[in-house]
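Peer 1: For reference, the sequence and a predicted model appear below.
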Amino acid sequence: MSASDCIFCAIVAGLAPAARVFDDDDCLAFMDIQPLARGHVLVIPKRHAENLFDLEADEAAAVARTAKQLAHALRTVLEPEGLRLFQLNGAAAGQTVFHYHMHLLPRNADEPDVNPAALHGRKPADRAELEELAGRIRTALDSHLVS
Ligand SMILES: [Zn+2]
């Protein structure tokens, strides 16, 4: 898959909708449209890179920094008991969108468990609810960002 037919590149370019929570020179983060749980966020590098093997080291670092900031924001907003980060490389590993992305998935112990590598059959989330949650996460991010 090339950048020209990549849904995440379309989101970066503003050509496809997404409930954005973070945006800087290197990274974009937005609500997963088919969430495995409430607060399921994706962090992507803005440059099209298919997977971890194609990612530059500084892009990997930027994604990690963004994930760290988002982790605090998600904890503030949703107060989950736990938070999973996972990232799949290659179809055999369960990757379905071939633009590198890191999942952040809040989790409570009493919720049904999910297999992050078996993401098919998910239903689209309510857009208004995603936008409302994205707004709360952005507010929490602003309160955590320093300098
Ligand atoms: Zn892409």
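Peer 2: Arrived safely, thanks for sending.

Peer 1: Okay, strands next: where are they in this structure?
Peer 2: Secondary structure of the chain, counting by DSSP state E: strands at 20-23, 27-31, 41-45, 82-86, 102-107.

Peer 1: deepest of these, which one?
Peer 2: Using mean count of other Cβ atoms under 10 Å, the stretch among the strands of the chain with the largest mean neighbour count is strand 41-45, at a mean of 25. All C-beta spots, glycine's among them, are computed from the backbone N, C-alpha and C.

Peer 1: circling back: just put the strands of the chain in TSV and tack on distance to Leu74 and mean pLDDT.
Peer 2: Shown next, in TSV, are the strands of the chain (distance: least, Cβ to Cβ, whole Å; pLDDT from 0 to 100):
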stretch	distance to Leu74	mean pLDDT
strand 20-23	9	97
strand 27-31	11	98
strand 41-45	7	98
strand 82-86	6	95
strand 102-107	5	95
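
Peer 1: Compare the ones you listed and give me the one nearest Cys6.
Peer 2: strand 41-45 (10.0 Å; Cβ to Cβ).

Peer 1: Quick check: the closest residue to Phe22 other than its chain neighbours vs His40, distance?
Peer 2: In space, and not counting its chain neighbours, Phe22 is closest to Ala29: 3.9 Å by Cβ to Cβ, 6 or more residues apart in numbering. Using Cβ to Cβ, to the nearest Å, Ala29 is found at 11 Å from His40.

Peer 1: Touching both of those two, which residues are there?
Peer 2: In the contact map built from Cβ atoms under 8 Å, 6 or more residues apart in numbering, no residue is linked to both Ala29 and His40.

Peer 1: for Pro45, which residues make a bridge with it?
Peer 2: Beta-bridge partners for Pro45, by DSSP bridges, are Cys27.

Peer 1: let's number from 814 now, not from 1
Peer 2: With 814 as the first residue, the last one maps to Pro858.
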